[in-house]
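I would like the atomic coordinates for the input below:
(2 chains)
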2 protein chains.
Amino acid sequence: MIRIGIYGYGNLGRGVESAIMQNSDMELVAVFTRRDPSTVRLINSDVPVYRAEDALDMTDKIDVMILCGGSATDLPVQTPYLAKYFNVIDSFDTHAKIPEHFENVDKSAKENGNVGIISVGWDPGMFSLNRLLAGSILVDGADYTFWGRGVSQGHSDAIRRIEGVKNAKQYTVPVEKALEAVRNGENPTLTTREKHTRECFVVPCEGADLARIENEIKTMPNYFADYDTTVNFISEDEFNKNHAGIPHGGVVIRTGKTGPSLENKHVIEYKITLDSNPEFTASVIVAYARAAYKLSCEGACGCKTVFDIAPAYLSQKSGEELRKNLL
Amino acid sequence: MIRIGIYGYGNLGRGVESAIMQNSDMELVAVFTRRDPSTVRLINSDVPVYRAEDALDMTDKIDVMILCGGSATDLPVQTPYLAKYFNVIDSFDTHAKIPEHFENVDKSAKENGNVGIISVGWDPGMFSLNRLLAGSILVDGADYTFWGRGVSQGHSDAIRRIEGVKNAKQYTVPVEKALEAVRNGENPTLTTREKHTRECFVVPCEGADLARIENEIKTMPNYFADYDTTVNFISEDEFNKNHAGIPHGGVVIRTGKTGPSLENKHVIEYKITLDSNPEFTASVIVAYARAAYKLSCEGACGCKTVFDIAPAYLSQKSGEELRKNLL
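Modelled structure (predicted):
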């Protein structure tokens, strides 16, 4: 059994707890939290919840520590720190800071003989992997990534910070016409506005100025100003009934040409449609936690990404089984 | 520069020749053929064509030998044999015999310190890889593979062997209704007939008995009897105008569930649409030839499949570049 610790228990942590139950070669050993452990209720597991700082007492009881904190301030500190003591895995998703994060985790993991796998999930993660594979196959071509239809937590948060907003959810929606042009191999150059629209569902506080809220959303720089945005005001009941979930998804498409005169067109498309973004992300992370464990058993150390890991490491099945049944 | 040899020069060999030109870190060194070399015209390259048996004189001039023969009789003999002398790669696609082929290539490659990569292409190949990845992520789920719309060479050949048939092409077509049911997560159990139909375009010889030909096609065991098959008789002109290409494609879909009560559904879909089946297959093989070379430089040996190879090995880019630009 691969013994797993969860470090940080929000939506992602709950997803990891749930994913571990689906993998018969893994067991959850403990959950670590910065909150008061007595206030944390696990979904289904019977394992102890400890204070984050108690993790270091468990180095001999945990094979892989799965970090479920945020990319803004948690992971840049936590992953390199915990990589001194554990094999670690995180879902660090601040694209611009990945090289720096990689170096920090690599140094600390190598110095202590551990494996660290960073930026695991679907983007970064499975989408990145598909960009690499498709780009290596179709050398002369172009990459497109569309996100959605799905909930952007960051954009939903931004709306909730507006005065007079009680609750809000924002869906990122790919523009169908743009997707079609890409799939047809038209190789379009697309502006931000042409790729995605933003749909907002807002529960206003009683008596709030709806026109002002709508205007504040639509003109918000970075978040909404560059997009065609629609704002729907709804009741709390409707919100709870139709917008409680965290669905997401998206598609990575590469179009390219081959042949002596590049006369033949090809399209490679990787598409995911998810009822629960954190549970899917957690499922990817748990598969790569298995890889971290296997690599560590083989004596590997240092920081890795999805690019560096042979796919067979993700599976519970042996090489023989994989070749016989999946190849 | 990675020095490549092509062993066998049919559709796939031509595709490999063409793909090598798209990869700036590779050069074609020689083509080997069982035909009279003086009769072989290369598409675009200025390299010598040798008799197959002269390959052994070139062991110090070729980094990876790409085998482009057939799976029925060529590759089971050629790949283990050439793996004694070269790093090799093939597209062996007789699924049931992959374990045996793997053992044979592994033995001969290991004994001689070479790398052999087998069963590279899209199925087996990229489709297999996606089955492995998706199955490792969505543990509770089901796999579906649909092929087409595209030309099946085997089925086209079978029609051409019928008396009175001058030329023929057969397209395998996925049933849209079945695809939709799978994408909707309905988890259907599908019979052979429910998954694909077969469309035949036949140029008859003058005066041939069309009704007999159509009947012979539709009742042909293994090839057509289990499918809804349509037969279209067309002129040679129409054949050359509309059915000269070798398009193909297909889709691998995994649907699965996550969450404490498996209440959330997810769909992972990998879809390819190809103008030229052999050129795409060749492009995959060439990317993995790069991996064979890099692995060999690192001192690896033995037989590998797409399951065993970290994706970064396929790329011309460095780890730093990949992390910065694709993760």
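
and whichever residue of the stretch 51-200 of chain A sits closest to chain B, what does it touch?
With Cβ to the nearest Cβ as the measure, A:S136 is the residue of the stretch 51-200 of chain A nearest to chain B, at 3.9 Å. (Glycine included, C-beta is placed from N, CA and C.) By Cβ atoms under 8 Å, 6 or more residues apart in numbering or on different chains, the contact list for A:S136 reads B:287, B:290, B:311, B:314-316.

and the residues you listed near chain A, which?
Restricting the contacts of A:S136 to those touching chain A (Cβ under 8 Å from any Cβ of the partner chain) yields B:287, B:290, B:311, B:314-316.

that older thread, using ChimeraX, define a selection of the buried residues within the contacts of A:S136.
Listed next is the ChimeraX selection for buried residues among those, using 16 or more other Cβ atoms under 10 Å in any protein chain shown:
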select /B:287,290,311,314,315
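
between the contacts of A:S136, which is nearest A:G148?
Nearest to A:G148 out of these is B:P311 (Cβ to Cβ; 25.4 Å).

so that closest one touches A:L132, yeah?
Yes. Judged on Cβ atoms under 8 Å, B:P311 makes contact with A:L132 at a distance of 5.2 Å.

Name the residues contacting each of the two.
Jointly contacting B:P311 and A:L132 under the rule Cβ under 8 Å, 6+ apart are A:F307.

does any part of the longest helix along chain A sit near chain B?
Criterion DSSP state H: the longest helix present in chain A is helix A:277-297. Yes. On the criterion Cβ under 8 Å from any Cβ, helix A:277-297 is in touch with chain B at A:279-280, A:282-284, A:287, A:290.

I'd like those residues as JSON lines, with distance to B:K166 and pLDDT appended.
JSON lines is the format used below for the residues of helix A:277-297 next to chain B (distance: Cβ to Cβ, whole Å; pLDDT from 0 to 100):
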{"residue": "A:E279", "distance to B:K166": "57", "pLDDT": "98"}
{"residue": "A:F280", "distance to B:K166": "52", "pLDDT": "98"}
{"residue": "A:A282", "distance to B:K166": "58", "pLDDT": "98"}
{"residue": "A:S283", "distance to B:K166": "53", "pLDDT": "98"}
{"residue": "A:V284", "distance to B:K166": "52", "pLDDT": "98"}
{"residue": "A:A287", "distance to B:K166": "52", "pLDDT": "98"}
{"residue": "A:R290", "distance to B:K166": "55", "pLDDT": "98"}
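
picking up where we left off before, farthest-apart pair in the ones next to chain A among the contacts of A:S136, please.
Longest span within the ones next to chain A among the contacts of A:S136, Cβ to Cβ: B:P311 and B:Q316, 12.8 Å.

Tell me if A:A181 really is in a strand.
No. Counting by DSSP: H, G, I helix; E, B strand; the rest coil, A:A181 falls outside a strand, being helix.

Quick check: it touching A:K195?
No. In this structure A:A181 lies outside contact range of A:K195 using Cβ under 8 Å: 10.6 Å.

of those two, who's got more company?
A:K195 (19 against 16; other Cβ atoms under 10 Å in any protein chain shown).

In contact with that one, which residues are there?
Taking Cβ under 8 Å, 6+ apart, we find A:K195 in contact with A:146, A:174-175, A:178.

how deep is A:Y144 tucked in, by neighbour count?
Counted with other Cβ under 10 Å, A:Y144 comes out at 21.

A helix includes it, no?
No. Counting by three-state DSSP, A:Y144 is not found in a helix; it is strand.

which residue is nearest the centroid of chain A?
In chain A, the centroid-proximal residue (Cα atoms, centre = their mean) is A:G121; its distance is 3.8 Å.

With distance to A:P99 added, can I get the residues of helix A:277-297 next to chain B in CSV?
Shown next, in CSV, are the residues of helix A:277-297 next to chain B (distance: Cβ to Cβ, whole Å):
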residue, distance to A:P99
A:E279, 29
A:F280, 26
A:A282, 25
A:S283, 26
A:V284, 21
A:A287, 24
A:R290, 26
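
and which of those residues is nearest A:V115?
A:R290 (11.6 Å).

so the closest one touches A:A19, yeah?
No. A:R290 is beyond contact range of A:A19, at 11.0 Å (criterion: Cβ under 8 Å).

Spell out which residues are contacts of both of those two.
In terms of Cβ under 8 Å, 6+ apart, A:R290 and A:A19 are not both contacted by any residue.

Can you show me the helices along chain A?
Counting by DSSP H, the helices of chain A are A:11-21, A:75-82, A:98-111, A:126-137, A:153-160, A:176-183, A:192-195, A:210-218, A:236-242, A:277-297, A:319-325.

Need the residues that contact stretch A:311-327.
Outside stretch A:311-327, the residues that reach it (Cβ under 8 Å, 6+ apart) are A:23-25, A:287-288, A:290-291, A:294-295, B:95, B:98-99, B:102, B:119, B:124, B:128-129, B:131-133, B:135-137, B:305-309, B:311.
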